[in-house]
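K.L.:
model this:
(chains A, B, C and D, ligands or ions: 4)
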Amino acid sequence: MKKQPFRVEGLGDIERNRPIMFTFNGKTYTGFKGDTLASALLANGVILVGRSFKYHRPRGIFGVGVDDPNALVQIGVHGRSTPNERATTTEIFEGLIAKSVNVWPSLRYDILAINNSFSSMFPAGFYYKTFMWPASFWPIYEYFIRKAAGLGTVPKFEDPDTYEKKYVHYDLLIVGGGIAGLVAAHVSAKAGNRVILADERANLGGSKFNSEVTINNKPVKKWVSDIESELESIGDCMVLKRTTAVIHSDHNFVVLREKIIKPNNHSSHTMISQRLWKVRAKSVIYATGALERPMVFQNNDLPGVMLGSAVTDLIHRYGVCPGKNVAIAGNNASIYTLAEDLKACGANIVALSDSRKKSDNNENLAFDSEFPVFMGQAPICAFGKKKIRSVSFGPVNIDTAISQNKDDKKIDCDLLCLSGGYDPNLNLIAQAGGSVSFDTEVSSFNCQSIPKDIFLIGAAAGNFDLQDTISKSLNIVKKIIKQNGTSVFPDIVYQTKGSKSLNAVSPVWYVQSKKSNNKQFVDLHNDVTVSDIDLSVREGYKSIEHFKRYTTSGMGPDQGKIANVNALGILSKKIDINPQSIGTTRFRPPYTPITFGALAGRDLGDLAEPIRITALNVWHQESKAVFENVGQWKRPWYYPKNEETMEAAVNRECKAVRKSVGIFDASTLGKIELVGPDAGELLNRIYINRFDDLKVGSCRYGIICGDDGMVIDDGVTSRLEDKRWLMTTTTGNASKVFHWIDEWLQCEWPELDVFLTSVSSHWSTITIAGSNARNVLLELAGDVDVSNSSFPHHTWKIIKIFGVVARVFRVSFTGELSYEINIPSRYAHSLWESIISIGERYDITPFGTESLHTLRAEKGYIVVGHETDGSVTPDDIGFGWMMRKRKDFIGHRSLSRESIIGEKRPQLVGLLPETYIPEGAQVLSDEISGSDKQSIGHVTSSYNSPSLGIPIALGLIQGGRSLIGSNIRIIGPSNSMSVNAKIVSHCFYDPNGDRLNV
Amino acid sequence: MLNIPCPWCGLRSEVEFSSGGESEVIRPLDPLKKSDHEWSDYLFNRTNKKGWHVERWYHIHGCRKWFHIERNTITHEIRSSWPITEKHPEGNLSVSYSDREQ
Amino acid sequence: MTRYSALNLFQKSRDGHKGWPEAWRKPAPKSSYDIVIVGGGGHGLATAYYLAKNYGINNIAVLEKGWIGGGNTGRNTTIIRSNYLWNESAHLYELSLKLYEKLSQELNFNIMLSQRGVINLAHSQSEMHEVTRRVSAIRLNGIDSEVLTPDQIKSLIPIINLSSKSRYPILGGSIQRRGGVARHDAVAWGFARAADNLGIDIIENCEVLSVSTSNGIVRSLETTRGCIGAKKFGFVVSGHSSVLAEKAGFRLPICSQPLQALVSEPLKPFFDVVLMSGTVHVYLSQSDKGELVLGAGTDKYNSYSQRGSLSVIEEMMSASLELFPILSRLKVMRMWGRIVDICPDASPIIGNTPLRNLYINCGWGTGGFKATPGSGYVFAHNIATGEPHNLAAPFSLDRFAKGKLIDEHGAAAVAH
Amino acid sequence: MSELRLLEHPILGLYEQSSTQFSGDKIKFKKMRCSEIFNLQIKSDDHNSFSLVESKLKVKLPQEPNTTEKIKDFNSTIFWLGPYEWLFVSHDNSNCLDKFMFSECREYNMSWTDISDSRIVISLSGYDAQAVLEKGCPLDFHHDVFLVNSCAQSLIGQASVLIHRISCENVNESSWMIYTDLSYAAYLWAWLNDAVSEYI
Ligand SMILES: Cc1cc2nc3c(=O)[nH]c(=O)nc-3n(C[C@H](O)[C@H](O)[C@H](O)COP(=O)(O)OP(=O)(O)OC[C@H]3O[C@@H](n4cnc5c(N)ncnc54)[C@H](O)[C@@H]3O)c2cc1C
Ligand SMILES: NC(=O)c1ccc[n+]([C@@H]2O[C@H](COP(=O)([O-])OP(=O)(O)OC[C@H]3O[C@@H](n4cnc5c(N)ncnc54)[C@H](O)[C@@H]3O)[C@@H](O)[C@H]2O)c1
Ligand SMILES: Cc1cc2nc3c(=O)[nH]c(=O)nc-3n(C[C@H](O)[C@H](O)[C@H](O)COP(=O)(O)O)c2cc1C
Ligand SMILES: [Zn+2]
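P.N.:
Ligands and ions are numbered 1, 2, ... in the order given. The predicted structure follows:
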């Protein structure tokens, strides 16, 4: 095992007896269990980890958490290849393979680094100003722009892993498991509240995880682990680690994303990779801490420049000290603690700059003898090529560092730690509707107003004094517990020792320099520099949102977590408006990026949308039916026999129906029972035609319009008993119509005495159609008289079929003698098989939806959705006569509006095209064609008629009924598709209905 | 994701409901007597309130009842809910069924 | 106006780009103008620009309550196409697309129109019929459109999942090759800069608070920056149209609903077209910077909150994984919602109002970005002449009373 | 001719063939069908109908939302579905409920509708049963909130369901009956199979 040159003995929580091998950019390294990819790389002295987005400048690890903008890598192979993972939040595992993104051919020698040399040509928004000449070249320019864009690559294979979701309900959700969050969880769980605590990191304890602080006389690490085990033992308390709150939605609906770590990440098996927790909480506490802000100066993006908090974390959590000769720069008290930490692990501190004139407690004096301490100064420029070699400092003058060039002290170092102050982590509270305001004391934003039932504690609330934080947190929790109905507040004290509080910071927004053109980076993710801000201001993109969009500052994968406040500070200086008036850009979810997979969960493939099937599905499958998706339903489309083509099958099925008898599964039809004395009246209002005069035992076809007068559904309704009716709807509209009627009944006509019950699934519907249908029925009917005279068209009867009560309706959608047998679903399969065997001697033929539609088209019957499209009136499809004239029904009034009666409406007609033309083809009138190719309508249905042996079609044509007999042209979707046709009446087959009434 | 108070079932997740738009839409009792303008006002025009909005929802995957809620369209806060044919609990909203034009 | 060009960029780079002027001025509002346009989105700015350019009217102010382009213009998924079913819509959107094709040069601002083709997928027989109908009708209107077979789709989008085993297999689709995307911010800024150059005052941070009317005309507007009068007024405020109409004393057939969209983290280019599917409801494209830009349907309730419900996002994600299973490990970087103004027939309203000198342009719902230049062009005509432009006449407000709706729900089955 | 008897036939098709019943260490689920299911609706002010039903069945109709009531005489359960709407489910195989109510209801102004074959019932129980439900149902299943013998209508995945809590031996051991529409049953079954796979 190779030595890890930057690993510090005796520190950190890694398991040094469990080495782990991984590769980065093709080279193998060793880290320890508990390392992140970032800590392991730094332990091995790997400083250069990536290239920047635009200029391809060398970049190293900058932060150690979600705030790191540089170390984006592609992880894993095949289906588990994942773009844009953060090295800082990826725990290493045996065999991990990681590569830098956005480099070619290699990280060290990246061709596009040339962009850096020409960077003066690429200021913010340069693309808006160029690439316009010649106009025709833009696609070529764009090709090259696109080639250069993007970071990681999309995997080539399907993801083998799965993603789970879970809804949970809690009294209290606490986000953030630092001291503040832990105290809140501990107290509220002990008070008996249902509590869930989530932290994005692998360990609880937050930023105080590392320090020398004690709580109740225990070292903080010990205290944290004790609290953790105590929480885990409480029944209604849930502690989730590696779980990030990403979205705060309405009414305290918070989405957490849990990363699930499995022992062997290489398995070829499907594994659960992440779980989305959809939490509904009565109250939410955000204890999300604060993020350290970097400082802006020249070449501040060089590898080896890091956040101070990151270095602290590396030392204490991972036992890594990423430099030997360390410079420190900051504007607040935290740098002195950092200096102690660094000293303790043997680093040589080469200089420290504190931009304040004076430190809070004269901490600077303690170090003065050991290394140079520059008060009132800030870094001016970092030097080095692929890594920092030295840094210069200069004096600070009202928020900016001033470069004097010749006097700038250059000090050699291999690590520069920065602390530019702390920004309360407010993303989620802002998502929740909290408003923020600028606090000049800490030069950052604090939350000003918080919506109901949401709370903020700890560093996130701008509180940087541990003991004070705890007492304030306790007060808030007390309030919540009380609100949740618990009156006893557990009597617990948390006494802390050894923590230093953080007072005011004095910001240094950027370096003013007369001479140098070195870049000062504000947003490292998107390579936004101070000069980009200058340009943006100069051109008037000063509103913070314009500024963001023009410079792209804060628009990278980290969404400006550590960049936004600096950008604002600089903008504020440049336009001389205080930060409060400028405000922030809008905070949006997610807090950190979340995979598509986690959001989609298991609603994929067959579970993407319910597959609905009828009780006869098994039979259809066994009979090798080809299925068609109709909404969510799987319906038999046709039943091919011995490798038949679809056309042959449909031809055979249709002919069988016309010649003898066919059988069809119509169970998907919507069926609604209406019960009550006013059911007839309700139906009168729902349908355009009258129903209350229908006799018990009879059926009637009706059309339904929306209140805008457009046809929305049709179907047959029967009167079962005096006060009981059965209404049928189309398959696609079944539940829509049911709920729609329910709405009219509940909201508009509650005085009507009618009850609705959906019976769609209780009854299966088996249709037998064809001249032999009665012969088949005879054998099922027992002694019931089913002759034409006693069981005529549009009537229904109860028939006990082998002892089971069936409702048989004599209605027809094929134009043939036809019965729809409704039987309780449990018997459907058995009845179907019985009918098939009874029908054998008539060569009974199962037919699918395609044949049904063909047969009905031969008869000129409409199908809602084919002949109608939401803009068709009853009269348009030939049912004007059906409408009641003087009584109100839904849609009635709309049908007498100016343009509905006054205009040349589309009307349903038949078409006889020379050859088959696809549905949707457009109709041109012969007379007006010439040069003006105006469409006068379109083909709504089109078939090769098996019964007639010719192509037939239905169409909606302007003023069509008066054009019967004329010739027209039909044009399809390509130039070659064009046929002549003749307009005819829409019924092609048996126009007198002789076959129906036999 | 709204948490909607059904007057019967209590607080339930938005996914169980469907929205029926503003409650103030009242169908004229005698449509055939209305002018094209009056009729289209009922059919199409909406107040589309920014702020407190009285609207009706349907507990479609629950008790199958329509009801009114008063919801702020800016904050999504919901401050009351009541059955479809009843008056607003504080009686200050003229949008219940029984208030219709007679 | 300082010209934007490569040469100028090069010259200015030598002094650190100090020489670029403000893209548009920040004037203080005058107390009155010939015409005041309320709403500094793409449509409002385009209207002002064409008023000046085509009708020589320069004494115009555009009032914007926040920052220009900060409404839907700055927040949409930027799909541009003109393949609409009904003649009325097709002509209007085609005018717009034609203007878009020359817009970078016309405005001297690269709006990065990328005509990489918009594909609509069909997943069922009835959707295939709809595709046939649409393509046939669109071609008759002289607009490019083709039916695609699944194989053709595969060759344009190699990573698409064509498996017949998927829940809703892809049976075919259509393409408008001239369709594509454009840089949304650039459209707003480009129009603003060009309009400013013609003397128009663009006044930001100026919210209209109330409308004072008498005798059927608008007298003036009370704004956060004082009272502003004009001879004529145009309201172009998309999601807030009802709010302004109410201030002027009338109601509109509009519901304001949230529409959500999101972007992934940036990725190397892998997706070269714009794709839309209505059955598995999602539309997506990859931006020049590398993010995948996705959108879905509206939330079905009224809202002015600029956010929507998670369930819409969840459905959109499962839809995109149905089409592209290999995207599952990509990450969403940012999601947002914005309020769209939806008409009952999913078509816009352009034209006169009950007030004689007030004109309105709204109701573009989920699909008005593609109409930006065309909408401004016809609306400018309307305001300048008092009469609707030929192409806009069918979209008047009184079509609702007459029952002459232009039902583009089919077109908007996918919001876009 | 074939036999003179119609057979009851299982319905789930596709998924029927795989496993009709699953039973692991920590979770069990199986499909079943009830012999009779009726939907009852009464007008809110119709006291006659109320007292008729209650006196005939010697039971109080549950008025409290999301509660159930047992009818001992008929081995049946009444579920509250909505105000003035109930579901009667009988668990054994006699057609007693219908016989009992049929003639009476015709006289009164109420709706008593046979929907016996429209629902499939899936029973789910075991250590992880609640966790499985939580994957797709937005209800709060905590035992202090969703009490034993209460019921609620909601969604599991995208299927509309009625969930009945049967028992709760302890916090982690629960058992549930899930009623769903026949046409969605195959989907729900597949969904549950998939959801359960985490725990086996
Ligand atoms: C998520 C999403 C995706 C979309 N995707 C597409 C797409 O792919 N393709 C497409 O073609 N369309 C799309 N759209 C629709 C498109 O964005 C809009 O139709 C279009 O941008 C509207 O432009 P506008 O100029 O009318 O409105 P806006 O850009 O919204 O401008 C209106 C302006 O009016 C201002 N305003 C409002 N009230 C006042 C007041 N009282 N005083 C002063 N100013 C006021 C607002 O601040 C706003 O800036 C999408 C919309 C959304 C939300
Ligand atoms: N950086 C700092 O937070 C900081 C700095 C100086 C002093 N302090 C001191 O520490 C005390 C307690 O700190 P604290 O508990 O408020 O903060 P903390 O930083 O200790 O803990 C915050 C925790 O929240 C987690 N977190 C943040 N966003 C999250 C999200 N969206 N989802 C899940 N987890 C998330 C972080 O991983 C972290 O563990 C403060 O009062 C102060 O005295 C903190
Ligand atoms: C086409 C397009 C591309 C976008 N690309 C990015 C991006 O790269 N990074 C980012 O942070 N946001 C991106 N956004 C989202 C915007 O930051 C912003 O969220 C959106 O315009 C809505 O505005 P709001 O969030 O300020 O309300 C993009 C938006 C659009 C419309
Ligand atoms: Zn309810």
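
K.L.:
Minimum distance to chain A, which residue of the stretch 251-400 of chain C gives it?
P.N.:
Relative to chain A, the nearest point of the stretch 251-400 of chain C is C:Gly290 (3.0 Å; CB to the nearest CB). The C-beta positions use only the backbone N, C-alpha and C, and glycine is treated the same way.

K.L.:
Residues of chain B that sit close to chain C?
P.N.:
Chain B comes close to chain C at residues B:1-2, B:14-15, B:18-19, B:21-22, B:36-37, B:39-41, B:43-50, B:53, B:55, B:73-76, as judged by CB under 8 Å from any CB of the partner chain.

K.L.:
Try it again at 6 Å.
P.N.:
Residues of chain B that fall close to chain C, judged by CB under 6 Å from any CB of the partner chain: B:1, B:14-15, B:19, B:36-37, B:40, B:44-46, B:48, B:50, B:53, B:73-74, B:76.

K.L.:
ok so, going back, does the residue of the stretch 251-400 of chain C closest to chain A touch C:Glu265 like I think?
P.N.:
No. Counting by CB atoms under 6 Å, C:Gly290 sits too far from C:Glu265 to count as a contact (8.2 Å).

K.L.:
what do these two both touch?
P.N.:
Contact criterion CB atoms under 6 Å, 6 or more residues apart in numbering or on different chains; residues shared by C:Gly290 and C:Glu265: none found.

K.L.:
quick revisit: can I take it that the residue of the stretch 251-400 of chain C closest to chain A is in a helix?
P.N.:
No. Counting by DSSP: H, G, I helix; E, B strand; the rest coil, C:Gly290 is not part of a helix but coil.

K.L.:
The residue nearest to it when sequence neighbours are not counted - how many residues pack around it?
P.N.:
Leaving aside its sequence neighbours, C:Gly290 sits nearest to A:Gly150 (CB to CB, 6 or more residues apart in numbering or on different chains; 3.0 Å). A:Gly150: 26 surrounding residues under other CB atoms under 10 Å in any protein chain shown.

K.L.:
What pLDDT is listed against A:Gly150?
P.N.:
A:Gly150 is assigned 91 on the pLDDT scale.

K.L.:
List the contacts of it.
P.N.:
Counting by CB under 6 Å, 6+ apart, A:Gly150 touches C:266-268, C:290.

K.L.:
So it, which state does it fall into?
P.N.:
At A:Gly150 the chain is in coil, as set by three-state DSSP.

K.L.:
From A:Thr940, how far off is it?
P.N.:
Applying CB to CB, to the nearest Å, the value for A:Gly150 to A:Thr940 is 46 Å.

K.L.:
what do you get for A:Glu158?
P.N.:
A:Glu158 is 40 Å from A:Thr940, where distance means CB to CB.

K.L.:
Between those two, which has more neighbouring residues?
P.N.:
Neighbour totals were compared for A:Glu158 and A:Thr940, and A:Thr940 leads with 27 against 15 (other CB under 10 Å).

K.L.:
Tell me which residue in chain A sits closest to ligand 3.
P.N.:
Closest approach between chain A and ligand 3, counting by CB to the nearest ligand atom: A:Met555, at 3.4 Å.

K.L.:
Next: chain B.
P.N.:
Here the residue of chain B nearest ligand 3 is B:Ile74; by CB to the nearest ligand atom that distance is 14.7 Å.

K.L.:
How about stretch A:272-287, which residues are buried there?
P.N.:
Within stretch A:272-287, the residues scored as buried using 16 or more other CB atoms under 10 Å in any protein chain shown are A:273-287.

K.L.:
Correction: the previous question concerned stretch D:51-68.
P.N.:
D:52-53, D:57, D:59, D:61-62, D:65-66, D:68.
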